[in-house]
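Participant: with the sequence up front, the predicted model follows.
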Amino acid sequence: MSLSFTSERGAIECRWIEYALLRDNAQHHLEGALSESGLEALHAPATALGGAPVRLDARALAEALREVERVVLPMPIERLAISDRTRAVLFRRWPLPAVGTTRELVEAESRPAVTRGARTLDEVFGALVRGLRAISERAGAELEVRDL
């Protein structure tokens, strides 16, 4: 599963798990620090999976990503958080929980393969954050997200 993000400034494609971990960690570590529109912009792309394209506020996404870059990316991998919903998809547990509460993984739990060898959260989804910022900052009003 992958997502494609497109704005007038360019396009970027990413694996679903990278985006899910970015969203989960933004939600977990920045709860209360992000605006409502920033949170909405971070959560909206997931609705494109298996469905119609989603349009979101590019500026709100850029604002949220600046905070992720400043606060979340420098964190050590031991601070990796994952939502119940992401965990259910990764470990094929059905039905999916309705609510995506997050928590940091404990040492004994399996980490997603995308985190192997990473020392910081930047090494897991930092390139995605910077790429999304590049196409959302100074972009038009909308950014389109598609499931590929």
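Facilitator: Yep, that arrived.

Participant: ok, and the closest non-adjacent residue to residue 142?
Facilitator: Nearest residue to residue 142 in three dimensions, chain neighbours excluded: residue 55, at 4.6 Å (C-beta to C-beta, 6 or more residues apart in numbering). C-beta coordinates here come from the backbone N, C-alpha and C atoms, glycine included.

Participant: surely that neighbour is in a helix?
Facilitator: No. Applying DSSP: H, G, I helix; E, B strand; the rest coil, one finds residue 55 to be strand, outside a helix.

Participant: residues contacting it?
Facilitator: 142-145 (C-beta atoms under 8 Å, 6 or more residues apart in numbering).

Participant: flag the shaky bits of the chain, pLDDT-wise.
Facilitator: Counting by pLDDT under 70, the ranges of the chain that qualify are 99-100, 107-109.

Participant: go with 50
Facilitator: The model of the chain has no residue with pLDDT under 50.

Participant: ranges for the helices of it?
Facilitator: 16-30, 36-43, 58-67, 84-90, 122-136 (DSSP state H).

Participant: among those helices, which is nearest residue 98?
Facilitator: Evaluated with C-beta to C-beta, these place helix 84-90 nearest to residue 98, the distance being 8.3 Å.

Participant: and the contacts of the closest one?
Facilitator: With C-beta under 8 Å, 6+ apart, helix 84-90 has contacts from 17, 20-21, 24, 82, 93-94, 96-97, 99-102, 112.

Participant: which of those residues are buried?
Facilitator: Those of the contacts of helix 84-90 that meet the buried threshold are 17, 20-21, 24, 82, 100, 102, 112, by 16 or more other C-beta atoms under 10 Å.

Participant: put together CSV for these, with distance to residue 120 on each row.
Facilitator: As requested, the buried ones among the contacts of helix 84-90 are exported to CSV (distance: C-beta to C-beta, whole Å):
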residue, distance to residue 120
17, 17
20, 18
21, 13
24, 16
82, 16
100, 23
102, 18
112, 15
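
Participant: re the thing from before, let's see which of the contacts of residue 55 end up in strands.
Facilitator: Members of the contacts of residue 55 lying in strands (criterion: DSSP state E): 142-145.
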